[in-house]
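Visitor: predicted model and sequence follow; I will ask about them next.
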Amino acid sequence: MKKKEALGWMEWLRGWMYLIHEMLFQRIMASHLSNPMPLPPLNDQTFIVTGSTSGIGREIARQLAEAGGHVVMAVRNTKAALDLIRKWQDDWSGRGLPLNIEAMELDLLSLDSVVRFAEAYNARLGPVHALINNAGIFQIGEPQKFSKDGYEQHLQVNHLGPALLSLMLLPSLIRGSPSRIVNVNSIMHYVGFVDPDDMNVTSGKKKYSSFVGYTGSKLAEVMFSSVLHKRLPAESGISVLCVSPGIVQTNVARDLPKIVQTGYRLIPYFIFSPEEGSRSALFAATDPQVPEYTEMLKADQWPVCAFISQDCRPTNPSEEAHNTETAHKVWEKTLELIGLPADVVERLLGGEEVECKYGAHTS
Ligand SMILES: NC(=O)c1ccc[n+]([C@@H]2O[C@H](COP(=O)([O-])OP(=O)(O)OC[C@H]3O[C@@H](n4cnc5c(N)ncnc54)[C@H](OP(=O)(O)O)[C@@H]3O)[C@@H](O)[C@H]2O)c1
């Protein structure tokens, strides 16, 4: 069969229609949700939130901590995180016990940093109840850039880094079981396409743009998560989900021209606040019915992982995300790029040590 080189035009058109629909109607679709979203008491639960110094991640971390959770802010700028923690503790004082929140360094542009983070966390022998892979970049209009590991930056920060982190933290997620991996994805994966043989978009077959880099990285994340969801047996008690936060006013548009940023701020009716944008990830990380739902998908051999929309309702990822052949190739290629063996999940679940090309050993 001829290899698929791009989305079909109907898929592409439908993708854009979903995107425009979300932009125009997200507030109506989510009108049943309160803001902030009430959370159950989270005492004794540990959450790792990547990219929690800004935007959606900042809201996720604050709200989880205020609901009693132990929150680890996994960030590249630890000083900014510590400043935030101080502010949140001050705002919280007099309302209960101090917040249980800390910062640890994680730079997704360095796979060594990802391994260092996971090794340091695993060495505590403590549980993780939810890993929230929130950090992400969209370098709008910028030329193609590569990490020091040699990978296109959207691919690395939005997909490879979170994939490596999720796998390396499996020992702690097993200790926290029932536990969850929540990936803050995007409706824009609907217009994304991934060629597993050209994940860096360097072959010249497809012209690179930041749009291609961003949407492809988000689709790769859905595909990888779908295979991970299937590889984790029900007994592991680990649920894997992707969520769409909606269109949210954050620093993600920091690379847009100033005039466009001004326009962006002038349409608050359509755009969610970070607090509103945090609801789908908070729902996926804390709603008690989520494990049952993800297990049902597994039992039904549904081809994709759970995908929660900005209105906290389950939805279907894109048609291309259902392409299981490509998803398996993306899984295999991803493991190769992040330097882990093909049977990493099975070995970690069996309590074995697994060697990663980046950093030393993990258990
Ligand atoms: N905003 C939207 O409309 C929207 C829509 C769909 C999906 N999303 C997704 O939502 C997630 C959060 O984005 P946001 O909108 O809240 O954007 P944001 O305000 O720019 O926050 C992104 C966070 O990611 C962190 N980050 C970036 N590069 C990193 C790296 N190399 N290592 C570690 N952390 C890194 C940033 O840290 P620094 O503060 O140090 O830069 C920041 O804390 C992303 O995955 C994004 O793709 C957003």
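Guide: Good, I have the coordinates. Residues are numbered from 1 along each chain as shown.
Visitor: going forward, measure contacts between C-alpha atoms and count neighbours the same way
Guide: Fine.
Visitor: around the ligand, pick out the residues from the stretch 51-200 of the chain.
Guide: Taking C-alpha under 6 Å from any ligand atom as the contact definition, the stretch 51-200 of the chain meets the ligand at 51-57, 75-77, 106-109, 134-137, 157, 184-186.
Visitor: and the nearest residue to Gly55 once chain neighbours are set aside, what does it touch?
Guide: Nearest residue to Gly55 in three dimensions, chain neighbours excluded: Thr250, at 4.8 Å (C-alpha to C-alpha, 6 or more residues apart in numbering). Applying C-alpha atoms under 8 Å, 6 or more residues apart in numbering, we find Thr250 in contact with 54-56, 273-274.
Visitor: just the buried ones from the residues you listed?
Guide: Using 16 or more other C-alpha atoms under 10 Å as the burial test, the contacts of Thr250 include 54-56, 273-274 as buried.
Visitor: what segments of this structure are strands?
Guide: With strands called from DSSP state E, the chain shows them at 46-50, 70-75, 100-105, 130-133, 179-184, 238-243, 306-308, 314-315, 354-355, 361-362.
Visitor: where's stretch 286-298 relative to the chain centroid, distance-wise?
Guide: 18 Å (C-alpha atoms, centre = their mean, to the nearest Å).
Visitor: flag every buried residue along it.
Guide: Buried residues in stretch 286-298, defined by neighbour count with 16+ other C-alpha under 10 Å: 286, 290-291, 294-295, 297-298.
Visitor: related to what we said a few turns ago, what would the strands of the chain look like in TSV with mean pLDDT?
Guide: What follows is those, written out as TSV (pLDDT from 0 to 100):
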stretch	mean pLDDT
strand 46-50	98
strand 70-75	98
strand 100-105	98
strand 130-133	98
strand 179-184	98
strand 238-243	98
strand 306-308	98
strand 314-315	98
strand 354-355	92
strand 361-362	44
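Visitor: out of the ones you listed, which gets nearest to Ser93?
Guide: Ranking the strands of the chain by proximity to Ser93 (C-alpha to C-alpha) places strand 100-105 first, at 12.5 Å.
Visitor: contacting residues around the closest one?
Guide: Counting by C-alpha under 8 Å, 6+ apart, 65, 68-78, 81-82, 85, 113, 117 sit against strand 100-105.
Visitor: low-confidence regions, this protein specifically.
Guide: In the predicted model, the chain carries pLDDT under 70 at residues 1, 252-267, 360-363.
Visitor: the residue positioned nearest the centre of it bridge partners, please.
Guide: By C-alpha atoms, centre = their mean, the chain has its centre lying nearest to Asn183, at 2.5 Å. Counting by DSSP bridges, Asn183 is bridged to Asn133, Cys242.
Visitor: can you show me the helices along this structure?
Guide: With helices called from DSSP state H, the chain shows them at 9-29, 55-66, 78-92, 111-122, 153-154, 161-168, 170-175, 210-231, 258-265, 274-277, 279-286, 290-299, 324-338, 344-349.
Visitor: briefly note if the first one comes near the ligand.
Guide: Put plainly, it is helix 9-29. No. Applying C-alpha under 6 Å from any ligand atom, one finds helix 9-29 out of contact with the ligand, separated by at least 9.5 Å.
Visitor: for that helix, which positions count as buried?
Guide: For helix 9-29, by 16+ other C-alpha under 10 Å, it's 11-12, 14-16, 18-19, 22-23, 26-27, 29.
Visitor: and the two most separated of the residues you listed?
Guide: Farthest pair in these, by C-alpha to C-alpha: Glu11 and Arg27, 24.9 Å.
Visitor: mind listing what the spatially closest residue to Leu33 that is not a sequence neighbour touches?
Guide: Take Leu33 and drop its neighbours on the chain: the residue closest to it by C-alpha to C-alpha, 6+ apart is Asp311, 7.2 Å away. Counting by C-alpha under 8 Å, 6+ apart, Asp311 touches 26, 29-30, 33, 279-280.
Visitor: many thanks, have a good one.
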